[in-house]
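Asker: Pasting the sequence and the predicted model now:
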Amino acid sequence: MIKELKQIHVAAAVICKDDKIFATQRGYGKFKDGWEFPGGKIEAGESARQALVREIKEELNTDIIVGNFIGSVEYDYPQFHLSMQVFSVRVKHGSLELLEHEAARWLSPGELDSVAWLPADQYIVDHYLRREMTVSKDK
Ligand SMILES: Nc1nc2c([nH]c(=O)n2[C@H]2C[C@H](O)[C@@H](COP(=O)(O)OP(=O)(O)OP(=O)(O)O)O2)c(=O)[nH]1
């Protein structure tokens, strides 16, 4: 019998400020040390946007405004299938506190390749962000 991969639905935030985006480094678990967009699993009864507001408060102790949908990625990890929706986000006020991540960086368009993204995030960077950040810089 073929066993189906478990599916995980995740919402992730590209937090933008000036022409930079916020990348975080995972501090625990299977993907420890990988770079990602903050966020997490969408719980039953929640929309992706609601999950993002909750997760960013839990991880960075910050209130956000969720903006445009940037794109999604479907990725097969060996242990599960990830379905991730990514949104553009702004911080309402105040600073970002790293409550769960071990490090973070504000990346300019030219620095997108300077961190080791998780594989699903590399797809988002290559297919959506690189172009979006270049276009908004040129505006
Ligand atoms: N949050 C987040 N997770 C990502 C990204 N890219 C990626 O492959 N993942 C994977 C890693 C995790 O296995 C899964 C999300 O789990 P999570 O650990 O962030 O979610 P959570 O906070 O709700 O769950 P947990 O602490 O209870 O494990 O998706 C990303 O950019 N952001």
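Answerer: Looks like it arrived, so ask away.

Asker: Which of the helices or strands spans Gly27?
Answerer: According to DSSP states H and E, Gly27 maps onto no helix or strand at all.

Asker: confidence score at the closest residue to it other than its chain neighbours?
Answerer: With CB to CB, 6 or more residues apart in numbering as the criterion, Gly27 has its nearest non-adjacent residue at 3.8 Å, and that residue is Glu102. (C-beta placed from N, C-alpha, C; glycine too.) At Glu102, the model reports a pLDDT of 97.

Asker: for Glu132, helix, strand, or coil?
Answerer: Three-state call for Glu132 (DSSP: H, G, I helix; E, B strand; the rest coil): helix.

Asker: Quick check: buried residues in stretch 52-72?
Answerer: Residues of stretch 52-72 classed as buried: 52-56, 59-60, 62, 64, 66, 70-72 (neighbour count, 16 or more other CB atoms under 10 Å).

Asker: got a list of what Ile70 touches?
Answerer: Counting by CB atoms under 8 Å, 6 or more residues apart in numbering, Ile70 makes contact with Val14, Val86, Phe87, Ser88, Ile124, Tyr128, Leu129, Glu132.

Asker: how about 6 Å then?
Answerer: Listed by CB atoms under 6 Å, 6 or more residues apart in numbering, the contact set of Ile70 reads Val14, Val86, Ser88, Tyr128.

Asker: surely Glu102 meets Arg26?
Answerer: No - using CB atoms under 6 Å, Glu102 is not in contact with Arg26, being 7.3 Å away.

Asker: Compare those two and say which is more crowded by neighbours.
Answerer: Here Glu102 and Arg26 are compared on neighbour count by other CB atoms under 10 Å; more neighbours surround Arg26, at 18 against 12.

Asker: Just to check, the more buried one is in contact with Phe37?
Answerer: No - applying CB under 6 Å, one finds Arg26 not in contact with Phe37, separated by 10.9 Å.
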